[in-house]
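> please work out how this folds:
(one chain, ligands or ions: 2)
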Amino acid sequence: MSESTDALIPRPRRVLAPGAVHLPGWLTPDRQRELVTLCRAWASGPVPMRAVTMPNGGVMSVKSVSLGWHWLPYRYSRTADDVGGGAVAPFPDVLRTLGRDAVTAACGPEEGAAYEPDAALVNYYDDAAKMGMHQDREERLNAPVVSLSLGSSCVFRFGNTENRNRPWQDVELVSGDLFVFSGPSRFAYHGVQKILPDTAPSGIGFDGRLNITLRQTGLA
Ligand SMILES: O=C(O)CCC(=O)C(=O)O
Ligand SMILES: [Fe+2]
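Ligands and ions are numbered 1, 2, ... in the order given. You can find the predicted model right below:
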C-alpha cells in the first residue's frame, strides 16, 4: 500500500475473534528494513532455506528456515533432519524481545512478560506462493503465536478452531503488520491465499513477501 493510500485509509487495530489480534503497521519502516537484513542472514545458514516436502510427497510453494527449533511436518527437532541434519541456529535474542513486545501490544503486559518464544520460522513467498489452511499445533503450550509481515501484502485467511472450512475471514496483511493468535484463537486454522504482487513498500530491498512466525514450543 502506498504511503498516500495508507494515510487516507487508516487501518485500525482489529480483533477478529477473541485472542486473534491484527495490529496494522506495528513495525516502523526502519524496523522492517532491519528485519529484512536479519532474514537474509538467517536464510544464509547454517541451515539453508528450503521448500518443505509434505508426507504425501507434495512440496510447499513457500520456502522457509527455522531458528531455535527446526520445524518439519509435523514435529520440531534441534537438527535440520530434512535438510542435511545440521544443527539449527540458536533462537536470536532480538526475536525474543520483539516477541515480548508484540504480545504486550496485542494481549497486554502480563502476557508479554511471560512470553518465552523459542522457535522462529522465516517464510519466503514469491508472487505465486501460498500456504494452505492449517493449525500451528506442534507446540505443547498454548502460548501466543506472533506473526510479522514484510514486503508484499497478502490475503491472509483466518478461519475457525474446528476445521479448515468456513467460517473464515480474509484479511490483507501489509508490510509491518503484526498478527497474534492467542487464548481461544491460539489454534485457529489459517493460511495465505495469495500474494499481492508489487505492493511492497519502496526501499524494502527484496521482491515477494517474508513472514516471521514466533512460537513457544514447550519443548526442553
Ligand atoms: O505467512 C503467514 O502469514 C503465515 C505463516 C504460517 O501460518 C506458518 O508458518 O505456520
Ligand atoms: Fe501457521
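> number of residues surrounding the closest residue to Thr79 other than its chain neighbours?
The spatially closest residue to Thr79, leaving aside those adjacent along the chain, is Gly85, at 5.4 Å (CB to CB, 6 or more residues apart in numbering). Just so you know, the C-beta spots here come from the backbone N, C-alpha and C atoms, and that holds for glycine as well. Using other CB atoms under 10 Å, Gly85 is surrounded by 11 other residues.
> surely Gly85 and Leu72 touch.
No. Here Gly85 lies out of contact with Leu72, judged by CB atoms under 8 Å, at a distance of 11.4 Å.
> where does Gly112 fall, secondary structure wise?
helix 109-114 (DSSP states H and E).
> distance between the next helix or strand after that helix and the chain's centre?
Note on helix 109-114: by DSSP H and E, the next helix or strand toward the C-terminus is strand 119-125. Distance of strand 119-125 from its chain centroid, counting by CA atoms, centre = their mean, to the nearest Å, is 6 Å.
> which residues sit against strand 119-125?
Contact with strand 119-125 is made by 39, 42-43, 49, 61-69, 71, 76, 91-92, 95, 131, 139, 152, 154, 192, 195, 208-217, as judged by CB atoms under 8 Å, 6 or more residues apart in numbering.
> what lines up beside that strand in the sheet?
Applying DSSP bridges, strand 119-125 is found paired with strand 59-67 (antiparallel), strand 209-215 (antiparallel).
> can you give me the helices in this structure?
Secondary structure of the chain, counting by DSSP state H: helices at 3-8, 29-43, 93-107, 109-114.
> for ligand 1, which of the ones you listed is the nearest?
Closest of the helices of the chain to ligand 1 is helix 29-43, at 12.7 Å (criterion: CB to the nearest ligand atom).
> so does the closest one get close to ligand 1?
No. Legend: contact between helix 29-43 and ligand 1 by CB under 6 Å from any ligand atom is lacking; minimum distance shown is 12.7 Å.
> I'd assumed Gly68 was in contact with Val47.
No. Val47 is beyond contact range of Gly68, at 11.5 Å (criterion: CB under 8 Å).
> now do the shared contacts for those two.
Val88, Ala89.
> and for Asp136, the neighbour number?
Based on other CB under 10 Å, the number of other residues close to Asp136 is 18.
> pLDDT value on the closest residue to ligand 1 within the chain, please?
Closest approach between the chain and ligand 1, counting by CB to the nearest ligand atom: Asn211, at 3.2 Å. Looking at Asn211, its pLDDT is 98.
> tell me the pLDDT of the closest residue to it other than its chain neighbours.
Closest residue in space to Asn211, ignoring its immediate chain neighbours: Asn123 at 4.3 Å, by CB to CB, 6+ apart. pLDDT, Asn123: 98.
> go on, Val94?
98.
> ok, Asp101 next?
Model confidence at Asp101 (pLDDT) stands at 98.
> repeat that for the one 3 residues further on.
We note a pLDDT of 98 for Thr104 in this prediction.
> hmm, back to that, need the strands paired with strand 119-125 in CSV (columns: mean neighbour count and distance to Glu172).
Formatted as CSV, those follow (neighbours: other CB atoms under 10 Å; distance: least, CB to CB, whole Å):
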stretch, mean neighbour count, distance to Glu172
strand 59-67, 19, 18
strand 209-215, 24, 12
